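Peer 1: Dropping a prediction and its sequence here:
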Amino acid sequence: MITRKNICPFLLTGVLLCGYQSIFGQVKVQLNVTVLQGGRESDSIFLAGNFNGWNPSDTNFLFKNNGHQYSLYLDSLPAGQLSFKCTRGSWNTVECKADGHSIDNRLVECIRDTSIFINIEGWKDRTVYIPRHTATAQVHVISDSIFLPQLNRNRLLRIYLPENYQASKKRYPVLYMHDGQNLFDIETTGYSEWGVDECLDSLIRQGHPPCIVVGVDNGPERINEYLPFDSEEYGKAKGDLYLSDLAGVIKPYVDKRYRTLKDRENTIIAGSSLGGLISYYALLKYPSVFGHAGIFSPSFWIAPEIRQMTDSLGSRVNGKCFFYIGGLEGERYKADMVAVADKLGERSSAIMYSVIDPLGIHREAYWRKWFPEFYIWMMGNGFNRQVKTKH
């Protein structure tokens, strides 16, 4: 049975004043910038985005300087999503937060003539970077890196233990997640974090079932380690080696050191992008180890063989599969995920939850947004469900 429900879409960055609908698929955009910190009257400010090849010094996108306030009028931008940042002519002088931390790309959905008001908190070269670790006390970094013999590399683990772990003798399910640097702490990610620890702290206090989360850091060959099949463009696949180490070294290490429920029914694997791809591959290749999977924005495009593999091995899957993709990630990528999910639905008895967020993009902020829904469903009584948010 497939049910549908509507969920309020994620709010856009910026303040929009929208006029009449553009008739020919183009919009007029007025951008107004105020510099809150580190601005100088002699500054030149440029707009760099998905409409000019992210050129940080494009004179066609130079703001008119009015002191600490700037304006830019664009009369023929393609209607759709604008993704952009402001710079002073290079990526070394890009806008940032007041404490020196990077900001995500600004996103505005422009389907009408629009005015956008932007506050720039600071510039990368004029702010003092203030470290701010955001991991909660429940996150423990394994100081001795784990040696992975198949990959012939050491790997750092970040372990989330439920708040009452030390005070109990209970055993817990385990969620293994890739790209461990991006899960818990803003200081260890080059983008933004998932906030898994804060999310679980809150959900567990609300009475949802607890679990242990094992974040496995990525390495210098991330693409290849998360690649299940050889690629003409990216080279030799090392996905099988990585999963062999995950199942044969990391999982036994975690099971020995922590109070875990070791069986496949209590072992989940999850990740995003290439991490989503390798999570799904693990579900097909290691069904006796990983019983369930969270597949966020999977890069199925890089591994077209995954469809044939689903056709031949999909019958081995009988656990829960959570699929997510953002509607603004691209039609091809949405189609790839839907095709694989549909094929798995045909071939298996898997319990599936499929999400397409129309405003979602390929960023941690959206994976963070949907992680609570994934977790509550995964740890509860799942059922086949497809969710499409809409405006």
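Peer 2: The structure has been received and is ready for your questions.

Peer 1: tell me the contacts of Ile268?
Peer 2: Applying Cβ atoms under 8 Å, 6 or more residues apart in numbering, we find Ile268 in contact with Pro173, Val174, Leu175, Tyr176, Cys211, Phe290, Gly291, His292, Ala293, Gly294, Met378. C-beta: built from backbone N, CA, C; applies to glycine.

Peer 1: Pull up the per-residue confidence for the closest residue to Gly80 other than its chain neighbours.
Peer 2: Spatial nearest neighbour of Gly80, excluding adjacent residues (Cβ to Cβ, 6 or more residues apart in numbering): Cys110 at 6.7 Å. Note on Cys110: pLDDT of 85.

Peer 1: cool, the one 4 residues further on as well?
Peer 2: Listed pLDDT for Thr114 reads 89.

Peer 1: looking at this, it is in a strand?
Peer 2: Yes. The assignment for Thr114 is a strand, going by DSSP: H, G, I helix; E, B strand; the rest coil.

Peer 1: Do a quick rundown of the strands in the stretch 201-350 of the chain.
Peer 2: Taking DSSP state E, counting those that start in this stretch as the test, the strands found in the stretch 201-350 of the chain are 212-216, 267-272, 292-296, 320-326.

Peer 1: Could you export the ones you listed as TSV, including mean pLDDT and distance to Arg222?
Peer 2: Below are those laid out as TSV (pLDDT from 0 to 100; distance: least, Cβ to Cβ, whole Å):
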stretch	mean pLDDT	distance to Arg222
strand 212-216	97	11
strand 267-272	97	11
strand 292-296	98	16
strand 320-326	96	20
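
Peer 1: right, and the ones you listed - which one's nearest Glu364?
Peer 2: strand 267-272 (7.7 Å; Cβ to Cβ).

Peer 1: Next, the angle from that closest one to strand 320-326.
Peer 2: Going by axes from the mean of the first three to the mean of the last three Cα atoms, to 10 degrees, strand 267-272 is angled at 10 degrees with respect to strand 320-326.

Peer 1: chain center to strand 267-272, what's the gap?
Peer 2: 13 Å (Cα atoms, centre = their mean, to the nearest Å).

Peer 1: strand partners of it, parallel vs antiparallel please.
Peer 2: The pairing partners recorded for strand 267-272 under DSSP bridges are strand 174-177 (parallel), strand 292-296 (parallel).

Peer 1: Rebuild those strands as JSON lines, extending it with distance to Asn50 and mean neighbour count.
Peer 2: What follows is the strands paired with strand 267-272, written out as JSON lines (distance: least, Cβ to Cβ, whole Å; neighbours: other Cβ atoms under 10 Å):
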{"stretch": "strand 174-177", "distance to Asn50": "29", "mean neighbour count": "24"}
{"stretch": "strand 292-296", "distance to Asn50": "22", "mean neighbour count": "27"}
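
Peer 1: Let's have these in CSV, adding distance to Gly239.
Peer 2: CSV is the format used below for the strands paired with strand 267-272 (distance: least, Cβ to Cβ, whole Å):
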stretch, distance to Gly239
strand 174-177, 14
strand 292-296, 14
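
Peer 1: Quick one: closest of the ones you listed to Val196.
Peer 2: Smallest distance to Val196 across the strands paired with strand 267-272 (Cβ to Cβ): 7.3 Å, for strand 174-177.

Peer 1: and the closest one, what's its mean pLDDT?
Peer 2: 98.

Peer 1: residues in contact with it?
Peer 2: Taking Cβ under 8 Å, 6+ apart as the rule, strand 174-177 contacts 183, 196, 211-216, 246, 250-251, 254-255, 258, 260-261, 266-271, 275, 290, 294.

Peer 1: Then stretch 249-257?
Peer 2: Here stretch 249-257 has contacts from 146-149, 155, 157, 159, 174, 176, 212, 214, 216, 260, 262, 267, 289, using Cβ under 8 Å, 6+ apart.

Peer 1: how about stretch 234-251: buried residues?
Peer 2: For stretch 234-251, burial by neighbour count (16 or more other Cβ atoms under 10 Å) applies to 237-247, 249-251.

Peer 1: for it, the distance to its chain's centre please.
Peer 2: Relative to its chain's centre, stretch 234-251 lies at 21 Å (Cα atoms, centre = their mean).

Peer 1: Ala98 sits in which helix or strand?
Peer 2: Assigned by DSSP states H and E, Ala98 belongs to no helix or strand.

Peer 1: Give me the spatial nearest neighbour of it, chain neighbours excluded.
Peer 2: Using Cβ to Cβ, 6+ apart and skipping the chain neighbours, the partner closest in space to Ala98 is Glu121 (4.3 Å).
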